[in-house]
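1. Provided below are the primary sequence and the corresponding predicted coordinates.
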Amino acid sequence: MEMIPYLLGCVLGRWDIRFATGEKLASDLPDPFAPLPVCSPGVLQNADGLPADPSDVPADYPLRISWPGLLVDDEGHDDDTAGRVRDVLRVIWQERAEAIEQEACEILGVASVRDYFRATFFADHIKRYSKSRRKAPIYWELATPSGSYTVWLYYHRFTKDTFYKVLNDYVKPKVEHERRKLDRMRGETRDEPTRSQREERDAQESFVAELTTFQEEIERIAPLWNPDLNDGVIINYAPLWRLVKLRSWQTECKDCWDKLVAADYDWAHLAMHLWPERVVPKCANDRSLAIAHELEDMLWVEDNGKWRKLNEPKRETAEQIRRRDKEGSRRLRDEFQTLAERIDADLAAADLWQQLNGGELDESVAALCLWPRRVLELCMGDPDLARRLEVKVPAKRTKAALEKLVKQYEAAGYGELTDTVRDALADCREPFRELWRRLSDGELDDQPLALSLWPERVVDRSTEDRNLADLHELTRYLWYHELDGDWRRRKSPQQEVTDEVARRHNPTVKAALQSLLDAGKPGGNGGTRRRKRSR
């Protein structure tokens, strides 16, 4: 029966009742190749085609919507489920509402809408919202074991305060009301009560006892409730298993809760919320978990196209220095220092580059550092040049020997800085001697050439200057961007884990979790006893 879920959806603001009343007409079928809209056509939407908020609904909207997504099976209450569904019937069918309700109940095989909600609605709803092994009910039933009192929740309206609203707006007032009623009964039946009076009083005592247990369970849940729709329905529902009346669903929720407790679902946001001291350390060793909990940037780094764990800050700094501190870059730095001292003081950096690039200085160490293949070929035929450049020429001067020699020099960093040197010199009309002085003195540490020739100095400065780290693409190794937008220097992975656990630790949540776990132990309040009643 599809009508009752639709009526309930209208009450909770999921469906737009104006389509049912004819106030709005269904739009034409869209282009089959057009992108799918965010909402299906019947959803109550705002002007942007997104689910509506209270401010999006006009004052003359024909139905009062339960925006918190909460209803209660409590006859006479303003948010009574059956009463609110009848409100929808009256809006749509007006004077025929009662007849339509009766017809619907006959089809469903129940005496009233209330009986349908109490007896089979939730089971039917789960079947309707199940596919393969995935079950995702969006209307949640939380009830006393006998079903004498039920709260209905709309999944898509959950907030961290949902259970405080349930507790303060519905359950506590209900418990207080029923206790006062019980006190009156006890007063009226103190002296020689009739059998019917005793039965009525006993029934009320049982009802109050169930409500009290229900309240205690809501009080356990409220402080730790932190729903995340990305976890899925069953994981969000799992902590509530003692409040589930439907036996099959209670079993599934209990099994899921046991797996959460046993650390089988540590990818879930709920697991991180309840057990950060367990989950955060795992993120340091499991990148998929770190991604799930948005800790990837804190504990992992993409390096040379692969992901790896971040090292201690000192090791990361040393590694970045080591990668750049090669024989080829050291010899080039020394040779440029010599050139700066010997060449014409007015020789422009661009002119020096022209000489180097044109081959005029191919008998220099600088040329060897920048174009190793070209210079090594010369050395193979000129032993004197090889001696001056400290090149050990192989005895057999074959093509294969040359290739082996070239690879040896390239592995030592020769030829790596050709493009970097070109970018620094080719278009620079400043005298090379002055440019070199400023590079040597650290005035141009924002230049790639400075990082290549003085890696220790520039990397060390980048640990203190994030802008410099950004320029040299060192930020991911040395700095961390907090979720609140602030940047800070990286800590050791162990310290990052310790601080993250401390940041996420919430004594109120831990106390509520412990109470929930204790209640689920054999003999615990609300544990085994609760499940026996639900059976």
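-> Received it, and whenever you're ready, just let me know what you need. Keep in mind that what you see is a predicted model, and the values were worked out from it rather than measured. Residues are numbered from 1 along each chain as shown.
2. Pull out the buried positions in the host helix or strand of Tyr116.
-> Tyr116 is part of helix 113-119 when elements are defined by DSSP states H and E. Buried residues in helix 113-119, defined by neighbour count with 16 or more other C-beta atoms under 10 Å: Val113, Arg114, Tyr116, Phe117, Arg118. Heads up, the C-betas are built off the backbone N, CA and C, glycines and all.
3. How about stretch 325-338?
-> So, applying 16+ other C-beta under 10 Å, buried residues of stretch 325-338: Asp325, Lys326, Gly328, Ser329, Arg331, Leu332, Arg333, Glu335, Phe336.
4. Run the chain-centre distance for that stretch.
-> 47 Å (C-alpha atoms, centre = their mean, to the nearest Å).
5. average pLDDT for that stretch?
-> Mean pLDDT, stretch 325-338: 96.
6. Now tell me what touches that stretch from outside.
-> If you take C-beta atoms under 8 Å, 6 or more residues apart in numbering as the criterion, stretch 325-338 is touched by 364-366, 368-370, 372, 409, 412-417, 421, 436, 440, 452-456.
7. And for stretch 493-506?
-> 272-273, 276-277, 280-281, 283-284, 295, 298-299, 309-312, 480, 490-491.
8. Would you show me how to pick out the buried ones of those residues in ChimeraX?
-> Command for ChimeraX, covering only those of the contacts of stretch 493-506 found buried under the criterion 16+ other C-beta under 10 Å:
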select :272,273,276,280,281,283,284,295,298,299,310,311,480,490,491
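9. quick revisit: from the contact counts, what lies against the helix holding Tyr116?
-> On a contact count with 3 or more C-beta pairs under 8 Å, 6 or more residues apart in numbering; DSSP states H and E, helix 113-119 meets strand 70-73, helix 81-93, helix 97-108, strand 150-154.
10. For the helix or strand that it is followed by, what is the distance to the chain centroid?
-> Scanning forward in sequence from helix 113-119 by DSSP H and E, the next helix or strand is helix 121-128. How far helix 121-128 lies from its chain's middle: 30 Å, per C-alpha atoms, centre = their mean.
11. okay, now the closest residue to Ala222 other than its chain neighbours: neighbour count?
-> Nearest non-adjacent residue to Ala222, counting by C-beta to C-beta, 6 or more residues apart in numbering: Phe163, 3.9 Å away. As a burial measure, Phe163 scores 26 neighbours (other C-beta atoms under 10 Å).
12. sorry, back to before: now go through the contacts of stretch 493-506 and say which are in helices.
-> In this view, those that belong to helices under DSSP state H are Met272, His273, Pro276, Glu277, Val280, Pro281, Cys283, Met298, Leu299.
13. Quick check: the two most widely separated of these?
-> Among these, the pair separated by the greatest distance (C-beta to C-beta) is His273 and Leu299, at 18.7 Å.
14. where exactly do the strands run in the stretch 151-300 of the chain?
-> For the stretch 151-300 of the chain, strands defined by DSSP state E, counting those that start in this stretch occupy the ranges 300-303.
15. so where do the helices sit in it?
-> Ranges of helices in the stretch 151-300 of the chain, per DSSP state H, counting those that start in this stretch, are 162-165, 172-188, 195-221, 233-237, 247-261, 269-274, 276-283, 287-292, 296-299.
16. what's the closest of those helices to Met380?
-> Using C-beta to C-beta, the helices of the stretch 151-300 of the chain put helix 287-292 closest to Met380, at 48.3 Å.
17. Buried ones in the closest one, by neighbour count?
-> For helix 287-292, a neighbour-count test (16+ other C-beta under 10 Å) marks Arg287, Leu289, Ala290, Ala292 as buried.
18. Just give me the closest of the residues you listed to Glu95.
-> Ala292 (54.6 Å).
19. For the closest one, which non-adjacent residue is spatially closest?
-> Closest residue to Ala292 apart from its sequence neighbours, by C-beta to C-beta, 6+ apart: Trp267 at 4.6 Å.
20. Now do the contacts for that neighbour.
-> Contacts for Trp267 (C-beta under 8 Å, 6+ apart) come out as Ser288, Leu289, Ala292, His293.
21. And these, which two are furthest apart?
-> It's Ser288 and His293 that sit farthest apart of these, by C-beta to C-beta, at 10.0 Å.
22. So, low pLDDT: which residues of the stretch 301-450 of the chain?
-> Counting by pLDDT under 70, the stretch 301-450 of the chain has no low-confidence residues at all.
23. can you pull out the strands in it?
-> Ranges of strands in the stretch 301-450 of the chain, per DSSP E, counting those that start in this stretch, are 306-309.
24. can you map out the helices along it?
-> With helices called from DSSP H, counting those that start in this stretch, the stretch 301-450 of the chain shows them at 313-324, 327-342, 349-358, 365-370, 372-381, 383-388, 399-411, 418-425, 432-440, 448-453.
25. Tabulate the ones you listed in JSON lines, adding columns for distance to Lys172.
-> Output for the helices of the stretch 301-450 of the chain, formatted as JSON lines (distance: least, C-beta to C-beta, whole Å):
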{"stretch": "helix 313-324", "distance to Lys172": "52"}
{"stretch": "helix 327-342", "distance to Lys172": "73"}
{"stretch": "helix 349-358", "distance to Lys172": "80"}
{"stretch": "helix 365-370", "distance to Lys172": "80"}
{"stretch": "helix 372-381", "distance to Lys172": "82"}
{"stretch": "helix 383-388", "distance to Lys172": "93"}
{"stretch": "helix 399-411", "distance to Lys172": "75"}
{"stretch": "helix 418-425", "distance to Lys172": "71"}
{"stretch": "helix 432-440", "distance to Lys172": "74"}
{"stretch": "helix 448-453", "distance to Lys172": "65"}
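26. can you tell me which of these comes nearest to Asp191?
-> helix 313-324 (81.1 Å).
27. Give me the contacts around the closest one.
-> 310-311, 451-452, 455-456, 459-460, 463, 474, 477-478, 489-492.
28. Could you check it and say which residues are buried?
-> Buried residues in helix 313-324, defined by neighbour count with 16+ other C-beta under 10 Å: Pro313, Glu316, Thr317, Gln320, Ile321, Arg324.
29. Closest one of these to Pro383?
-> Taking C-beta to C-beta as the measure, Pro383 lies nearest Arg324 of the buried residues of helix 313-324, at 32.6 Å.
30. Many thanks, have a good one.
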